Each structure stands twice: as C-alpha cells, then as structure tokens.
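Engineer: Here's my sequence, what's the structure:
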Amino acid sequence: MVPSKRSLRALLAVVVLLSAGAVASSYATAQPNIAETQAAADADPRSPPVSTVESGSGSGTGPISGPDAGPETTPAGGDATATTPGTAGPSLQVRANRTRLDPGDDVGNVTVVATQGFYVSDEQAELVAFSEAGEVLYYDDTYRVYFDVDPVPGERNTVEYVASRHMNGADCASVDTERCTYNVFRRVNLTTGVDREVYGEVTPQIVSGRWHDIDRVNETHVAIADIVRDSVRIVDTRTNETTWEWHANRTFDRSEGGQPGDWTHVNDVEVLADGRIMASVRNMDQVIFIDPGEGVEANWTLGAEDDYSILYEQHNPDYIPPSEGGPAILVADSENSRVLEYRRVDPETGAPTTGTDGEWRRVWGWRDSRVQWPRDADRLPGTTTLVTDTHGDRVAEVAPNGTVVWSVTVGMPYEAERLGTGDESTDGRSMAAIREANTTAGSGGPLSLVAWATGGDATRVVLAPDDGPVDFAWVTLKEVVPSLAVNGILFAGPSWLRFHDVVFGGLALVAGLTWAGLELRWAGLGLRRWTGRLRRRLDDV
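Structural biologist: Residues are numbered from 1 along each chain as shown. As a prediction, this is how the structure comes out:
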C-alpha cells in the first residue's frame, strides 16, 4: 500500500519539527562555559582590559630558579600588552587581576585547563583554574589558543603552558611569510599571576603551525613536538640552539600520513625517565618511542596507520612505567571518541615486560554518550582518570567502572592537569595494577561494576553504569557516523552544539529535502520528468 500524500506530508512534518525542536532545546538548555561567565562577572571595571595580543621575546629566556623569577614589566604607568615579540608584557597589576587563588584557601582539588577556542565559533581560548566546587580561581585569555599545560615539579601552584598567537605583515619578516604564528612556552604562578617566557619561536604558517606540546628535559632544555618541521627536537633555552632533532622522514614514507603542510601532525612529546622520548604522530595513528642515539624503536610502536581499531588520530598519550604497573600507555583515542589504556606484555605469558618481544594489549577503555573528540587523559593518584572532552565541552574525572565522579563545563578544552598530582600520569597506576590491587583486597571497590559492564572482558570499553538504553543508542550511533565529518562541524560550530544536535540537524535536513523533492514531483516537476522535457527540447534544436 502506497502512503497518501497527506500521510507523507504529516510524517515528514513531524520529523522536521521534532528534530528542529531537539536542536532548539539543546540550545536553550546548554550549560554555560563556567570559565567565561565567572570571569566576566568578576571583572573589575576599574582595571584596564587585558589585551588578546601577548608579548614575547622571540627567543628563549634561559633557566628559571623559581616561579616568580625575572618578571617582565611595562614602562611606568603602562598596562597594555605589546603586539610584537621583544616588547614588554602586561603589568603586575593586570596579572594579579587574573587570579583569586590564595595558597591559604581550602578550595579542594585545583584543576588547570588549557582551551583551544576557534576562529568561527564563539569558543574563547583561555587558561583557567577551577576549584573542586567549580569556582574559577585563575583566568587568562591573552593568547589566541592554549594547548599543553604542565605542573612544575616542586611548586604547588605553578604551571608551564604552551600557547600561540597569530601575526602578519612585518611581524612575520623573520620567516618571510605574510602570516605566521608566535609559539610560546611560559611559566606562571597561579597565586600571583606573575609569569614569564621560557622559550618562544615564530613559525611560518597558522594552519598546523602551532606547537601543541613542549616537555621539560631539565632546567635549561626543553623537548618540542614541532608540527611545522615534522620533528621532535630538544632546544637549549639559554642559547636557542637545537641540540638534537629527530625528523619523521627517517621513519615514515611520504605516502603515509597527511598532506604537505600537515604531514605528520606531531602533537605530543614526553621525555621518559629512561632517556627515551615518546611522541604522538597523529596523522599516522601511532605512538612511537625514540632512542635519541638510535632512532625509533619499531617494536615499541603502538598503532598502525589507518588501523582505527587501535588508535584513530590520537592525542596526549601518557606513559605509565613498570613501577606503577606498566609499561602502559593511557591515551585519548580522539576520532573514536574514547579513552584507552594499553599494557605491554609478553605475548605468551601475558606478564608485563620491557623486552623487545613484548606486544601492546588493551586493558581498559572508557566512553559515554557525551564524550566527543577527547584529547587528554591523565591517571590520577588513586584510581580515577582525568579526561579532557573537547567537543563535549567538559573536563571529567572518571572512576574505573566508568562513573563520572566530578566534571566542569568549559569551552573546547585541550588539556587539563590536577595540581599536586604530578605531570600528566606521573603518580598514577596502570589499570591492570588497580585491578590487581582491587582483587587482592577482596572487595568490590572501584572496579565492582567493570566485570558486569564488559562481560568480564578487560579489553572492552567501559560505559558509565548509570547510562540507560538511550545513552547506549547514542554511543552505538557514534561508531557508525563518520567522526571526521562530525568533529569538523563541531569544531566550526557554536559552543552549545553537541553530537546529537548534528544528528538531529542532519535528520531535519534530509527530511526537509525529501519533502521538497516529493512536492516537486507531485507538482509535475520531478527530476525524471524535468530531464525528459530537457532531452526533448534538445532533440528539437
């Protein structure tokens, strides 16, 4: 039986109205970006605005003995920031206005978040610190984009971060391009707002020209994940000299990865205690281990190009050493919208190993119906994992069984760190070690629901125990919808947009186009009839 025109119109009208209504409801009920709303509410109208253009020296500033060492200053009475490298930065008063964090205050856990922002959407890039209650303790939106943030060892409230700003014209003369990026690595005391540049450099492009990560080697040297040069290199910040460099073309063929200008997208670097360097080569879907004297250790590589069952354009892998139940890697499997942990084991016995014959096996994973394009995951001391959910616009602390035990809404976060817990996953244990300790204790504990949620299979991704059938349906849908297309829309869209809004918006569009096509057909203007008329007219010519 063929449906009548009236019933088809009614059905399509219902689909369009319900889908559009779902998107409108999402817009109306969206949680605000706490960082921006609190920063705006707390702004002192008597203080001068902080410019969105930051200063820098254009070169390294040498070793730093403490978080307050060598502050930059402006001319007397000046509060504005400069527009080119080599000029003065914001005054101490402007910097002090950025913080409400007092070392004597009992604010619980402090979480520092670096956010990315974007050109098209209303997302604002910011470096922000939250109390356990979600109160903003520090806020700075000086730069166009923020990426990496790391706690400074031995300093309770001091962090180092990677940020960048865009320049053009004369400011790009050193790289001979019309537009360029100034990448900077800075150290800031979150209680005083006093900060200073550790190292900075101009790169000759904006798209894929912004460094995402810098890691400390020692007080005078840093390791840079250099996207522009498709390399990992170590720089002496006293002389600005590159003292060591690994180039991706030593390991990868040009037929692999991305296009020229963004071939490898090296987005993370971690200097390991044993002297090796771990790097994330995003466009090859691989995490590699580099021996500075020998090159890439191929038998340690996690992932393979286009094998998306292992990793799909990952971000910010963290190495968990044998002393904490490793070797293991905790990583944000970004395009698969999940967090995974892999452990290196003996293929025959399954015991953890650092031997050359070891292999990576998945031992834990997490996702929920909200997470979309996560780009950082840190194992905290204890059992929980701090997840940076970029297109979910939140930072969430997740228990081993998948329960979200704490979260805060913040626009397009890139990386988060919990103060007092060490850099990345420094003081965190592998999930295998947590599971073993839990079993030894003989209680349900934090892993009591993992066996139920995974059917006893530790390699399966854990879902939140309180997720219902609707949540499960959304998670399943994410596995079939092309993630690159969805994330591209979310990247450029407004901050309130979520995965389900893209789905409902697409459904409304398809229903609307179908409706329009049927109306044209019913009016005698269908495609087949129209092309037939056109063909007859051409025959008559």
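
Engineer: Show me the helices in the stretch 51-200 of the chain, by range?
Structural biologist: Taking DSSP state H, counting those that start in this stretch to define them, one finds helices in the stretch 51-200 of the chain at 92-96.

Engineer: what residues are up against residue 217?
Structural biologist: If a contact means CB atoms under 8 Å, 6 or more residues apart in numbering, then residue 217 has 223, 234, 271 as its contacts. Every residue, glycine included, has its C-beta placed from N, CA and C.

Engineer: pLDDT at it, what is it?
Structural biologist: Per-residue confidence (pLDDT) for residue 217: 96.

Engineer: now swap in residue 369 and tell me
Structural biologist: For residue 369, pLDDT reads 93.

Engineer: Please name the residues that touch it.
Structural biologist: Residues in contact with residue 369, defined by CB under 8 Å, 6+ apart, are 467, 470-472, 474-475.

Engineer: Separate out the buried members of those.
Structural biologist: 467, 474-475 (16 or more other CB atoms under 10 Å).

Engineer: Now, the residues you listed that are in helices?
Structural biologist: The helices, defined by DSSP state H, take in 474-475 from the buried ones among the contacts of residue 369.

Engineer: okay, now residue 363: neighbour count?
Structural biologist: Using other CB atoms under 10 Å, residue 363 has 21 other residues around it.

Engineer: so which strand or helix has it?
Structural biologist: For residue 363, the host element (DSSP states H and E) is strand 359-367.

Engineer: Surely residue 386 is within a strand?
Structural biologist: Yes. Counting by DSSP: H, G, I helix; E, B strand; the rest coil, residue 386 is found in a strand.

Engineer: okay but it is in contact with residue 416, surely?
Structural biologist: Yes. Residue 386 is in contact with residue 416 according to CB atoms under 8 Å; the separation is 5.7 Å.

Engineer: quick one: common contacting residues for these two?
Structural biologist: Counting by CB under 8 Å, 6+ apart, the common neighbours of residue 386 and residue 416 are 111, 376, 378, 395.

Engineer: who touches the closest residue to the last one other than its chain neighbours in this structure?
Structural biologist: Okay, so that is residue 395. With sequence-adjacent residues excluded and distances taken as CB to CB, 6 or more residues apart in numbering, residue 395 is closest to residue 416, at 4.5 Å. Each residue near residue 416 by CB under 8 Å, 6+ apart is listed here: 111-114, 149, 376, 378, 386, 388, 395.

Engineer: which regions of the stretch 301-450 of the chain lie under the pLDDT threshold?
Structural biologist: Filtered on pLDDT under 70, the stretch 301-450 of the chain yields the residue ranges 440-450.

Engineer: per-domain residue ranges of the chain.
Structural biologist: Domain assignment for the chain, taken from automatic domain parsing, gives 5-30+496-540, 318-495.

Engineer: Could you look over the ones you listed and pick the most buried one?
Structural biologist: Mean neighbour count (mean count of other CB atoms under 10 Å) peaks for domain 318-495 among those, with a mean of 19.

Engineer: chain center to it: distance?
Structural biologist: What separates the centre of domain 318-495 from the centre of its chain is 14 Å, taken as CA atoms, centre = their mean, to the nearest Å.

Engineer: which residues in the stretch 401-541 of the chain form helices?
Structural biologist: Using DSSP H, counting those that start in this stretch, the helices of the stretch 401-541 of the chain run over 431-441, 450-454, 469-478, 483-492, 499-522, 527-540.

Engineer: Rebuild those as TSV, extending it with distance to residue 266.
Structural biologist: Output for the helices of the stretch 401-541 of the chain, formatted as TSV (distance: least, CB to CB, whole Å):
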stretch	distance to residue 266
helix 431-441	27
helix 450-454	33
helix 469-478	27
helix 483-492	19
helix 499-522	28
helix 527-540	48
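
Engineer: need the least confident one among these, by mean pLDDT.
Structural biologist: Among those, helix 450-454 scores lowest, at a mean of 42.

Engineer: For residue 378, pull up the helix or strand it's in.
Structural biologist: strand 374-379.

Engineer: quick check, nearest of the contacts of residue 217 to residue 33?
Structural biologist: Distance to residue 33, by CB to CB, is smallest for residue 223 among the contacts of residue 217, at 31.9 Å.

Engineer: Partner strands of the helix or strand containing that closest one, with direction?
Structural biologist: Using DSSP H and E, residue 223 sits within strand 221-226. Strand pairing for strand 221-226, determined by DSSP bridges: strand 214-216 (antiparallel), strand 231-236 (antiparallel).

Engineer: What are the buried residues along it?
Structural biologist: 221-226.

Engineer: As TSV, the strands paired with strand 221-226 with distance to residue 520 and mean neighbour count would be great.
Structural biologist: Listed next are these as TSV, based on distance: least, CB to CB, whole Å; neighbours: other CB atoms under 10 Å:
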stretch	distance to residue 520	mean neighbour count
strand 214-216	57	22
strand 231-236	56	21
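
Engineer: Need those in JSON lines (columns: distance to residue 496).
Structural biologist: Compiled in JSON lines, the strands paired with strand 221-226 are given as follows (distance: least, CB to CB, whole Å):
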{"stretch": "strand 214-216", "distance to residue 496": "32"}
{"stretch": "strand 231-236", "distance to residue 496": "37"}
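
Engineer: can I assume residue 202 is in contact with residue 182?
Structural biologist: Yes. Between residue 202 and residue 182 there is a contact at 5.4 Å, judged by CB under 8 Å.
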